[in-house]
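>>> Following is a predicted model, sequence given first.
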Amino acid sequence: MVTVVNKLYKGKTQWLLALLLLVLGNIQAQQDAQYTQYMYNTVSVNPAYAGSRGHLSIAALYRNQWLGLDGAPETQTLSVHTPVGYRGVGLGLSIVNDKIGPTSETYFDVDFSYTIQTSWEGRLSFGLKASAHMLDIRYSELDEFEIDPQLQSQQDIQNKFSPNIGAGVYYHTDRFYAGISAPRILETTHFDSSSVSTAKEQINLYLITGYVWDLNPVLKFKPTILTKAVQGAPLQVDLSANFMFNEKFIAGAAYRWDAAFSGLLGFMLSDQLMVGLAYDREITELGAATFNDGSFEIILRYDFIRNIGNLKSPRFF
């Protein structure tokens, strides 16, 4: 989407018009919300992660993309997941709200996972996701823009419902993790053929992996990779490297292939509470626009930690 906009528009108002047209036009490859701190928000993309932290975990994330551009993407996510009993079952609940221009999408997700022990340290989890998708489009807000009158004449869409399902597999030890998932499997068409605007939700495939090294007694290093593939859009590859000092302070950097560089900071305010910050700077023409001040993301996570003997359940992922 960014590449198309870069080629067609130069001014701030024109950027916004392009954004609206891309949202409301014939969009054939709808993508899930984008996260820079995906390593702390794994349950949003892989249902098999539910319960894998070994205790009840709650996370809230806010992302504001392309600061300074009115109508640019904005995402809020709230998730909670926990193991249930001692039989390998995990349950989760997530709410994701994604806004762009006059459109708003909200997902209500329920996650189920089942974990089997494959070795002394290894755990293999299988997950299922059930989703309720609500779509709002406020065509009435387009009156101030000089765009296709057919779009302006459309009636607002409020709380259009569509269901979906997803699945994933996730493997982890105390130091390594890897997962593959498709959070939305049904390719839902949100508008009928007679509508001016059509949007078909394509399958987004995710591959995530990472490893934690102890560089010395107080310093840990964790590189991670997230790959996202969806038909009709470029392959997205996110690479990140984070360092944790003394189990309290996290600092790192990330690179989104041909798209952005990011800086990451994290603070363990207590054994239970973590706050993470991320700032992205586009390396496309959009990043050079004077009105684009980058993208900002913040996540808060609270873990209800359980101690089993001398073993603490939290991990660096």
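Received, thanks. Residues are numbered from 1 along each chain as shown.
>>> Direction included, what does the helix or strand containing P163 pair against?
P163 is located in strand 157-172, with elements delineated by DSSP states H and E. According to DSSP bridges, strand 157-172 forms sheet pairs with strand 123-137 (antiparallel), strand 176-182 (antiparallel).
>>> so which of those strands gets nearest Q158?
strand 123-137 (5.6 Å; CB to CB). Using the backbone N, CA and C atoms, a C-beta is placed for each residue, glycine as well.
>>> How far does that closest one sit from its chain's centre?
12 Å (CA atoms, centre = their mean, to the nearest Å).
>>> So which bits of it are buried?
For strand 123-137, the neighbour count (16 or more other CB atoms under 10 Å) marks R123, L124, S125, F126, G127, L128, K129, S131, H133, L135, I137 as buried.
>>> cool, stretch 48-59 as well?
A48, Y49, A50, G51, S52, R53, G54, H55, S57, A59.
>>> Now the terminal residues of stretch 65-85, how far apart.
End-to-end span of stretch 65-85 (CA to CA, to the nearest Å): 39 Å.
>>> quick revisit: of the buried residues of strand 123-137, which one scores lowest on pLDDT?
By pLDDT, I137 ranks lowest within the buried residues of strand 123-137, coming in at 81.
>>> so where do the helices sit in the stretch 51-200 of the chain?
149-152 (DSSP state H, counting those that start in this stretch).
>>> residue ranges with poor pLDDT in it?
The stretch 51-200 of the chain contains residues with pLDDT under 70 at 139-155, 189-200.
>>> what about 80?
For the stretch 51-200 of the chain, applying pLDDT under 80 flags the ranges 68-71, 86, 101, 138-159, 188-200.
>>> Quick check: L219 touching K248?
No. If you go by CB atoms under 8 Å, L219 and K248 don't touch, sitting 11.5 Å apart.
>>> quick revisit: for the buried residues of stretch 48-59, please prepare CSV with the additional fields distance to S79.
Below are those laid out as CSV (distance: CB to CB, whole Å):
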residue, distance to S79
A48, 14
Y49, 10
A50, 9
G51, 12
S52, 13
R53, 12
G54, 16
H55, 14
S57, 8
A59, 5
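>>> What is the nearest of these to L239?
Y49 (20.0 Å).
>>> Tell me the spatial nearest neighbour of A130, not counting adjacent residues.
Nearest non-adjacent residue to A130, counting by CB to CB, 6 or more residues apart in numbering: V110, 4.9 Å away.
>>> thought the one you found was touching G90?
No. Using CB under 8 Å, V110 is not in contact with G90; the gap is 11.7 Å.
>>> Neighbour count for the two, which is higher?
G90 (25 against 15; other CB atoms under 10 Å).
>>> mind listing what the more buried one touches?
Neighbouring residues of G90 by CB atoms under 8 Å, 6 or more residues apart in numbering: 50-52, 81-84, 111-115, 125, 127.
>>> which residue packs closest to it, ignoring adjacent ones?
The shortest distance from G90 to any non-neighbouring residue, by CB to CB, 6+ apart, is to G51 (2.1 Å).
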